[in-house]
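Chemist: Can you look at this prediction? I've put the sequence above it.
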Amino acid sequence: MKRILLACSSGMSTSLLVTKMQEHARAIGDEAEIWAVGQDMAKKEMTKADVVLIGPQMVFLKDELKKEAEKYGIQVEVIDMAAYGMADGKKVYEQALGLIGDR
């Protein structure tokens, strides 16, 4: 099972994206746990994740979160801005899979 954490300022703006990603994962037969949290919970929640995607508005936290994620051997990346704006669950799910690799 793939475990994908999305983090944004409050955790609210990614809720639609989480739903779209879950729908896409089900449609292709993948088992995935996808959830969103606010920036204040990102470090704690990343311990349960295979990858962390952050909202474009949180780009300023990327280096800090990457440093923490190194402890767990996971990657942190900013969600593609166009995909984020359009709540393109397929594109963001594929971005996450590319970062997870063979994990």
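Modeler: Cool, the structure landed.

Chemist: can you pull the contacts of residue 87?
Modeler: 16-17, 20 (C-beta atoms under 8 Å, 6 or more residues apart in numbering). C-beta: built from backbone N, CA, C; applies to glycine.

Chemist: what about residue 10, neighbour count?
Modeler: 14 (other C-beta atoms under 10 Å).

Chemist: which residues pair with the closest residue to it other than its chain neighbours across the strands?
Modeler: Of all residues beyond its chain neighbours, the one nearest residue 10 is residue 38 (4.7 Å), with distances taken as C-beta to C-beta, 6 or more residues apart in numbering. Counting by DSSP bridges, residue 38 is bridged to residue 8.

Chemist: Which helix or which strand is home to residue 42?
Modeler: Per DSSP states H and E: residue 42 is located in helix 42-45.

Chemist: can I assume residue 15 is in contact with residue 36?
Modeler: Yes. With contact defined as C-beta atoms under 8 Å, residue 15 counts as touching residue 36 (5.9 Å).

Chemist: who's more crowded, the two?
Modeler: residue 36 (25 against 15).

Chemist: Is it correct that that one falls within a strand?
Modeler: Yes. If the criterion is DSSP: H, G, I helix; E, B strand; the rest coil, then residue 36 is within a strand.

Chemist: show me what contacts it?
Modeler: Contacts of residue 36 by C-beta under 8 Å, 6+ apart are 5-8, 11, 14-15, 17-18.

Chemist: Quickly name whichever of the residues you listed is closest to residue 62.
Modeler: Of all these, residue 62 sits closest to residue 7, with 10.4 Å by C-beta to C-beta.
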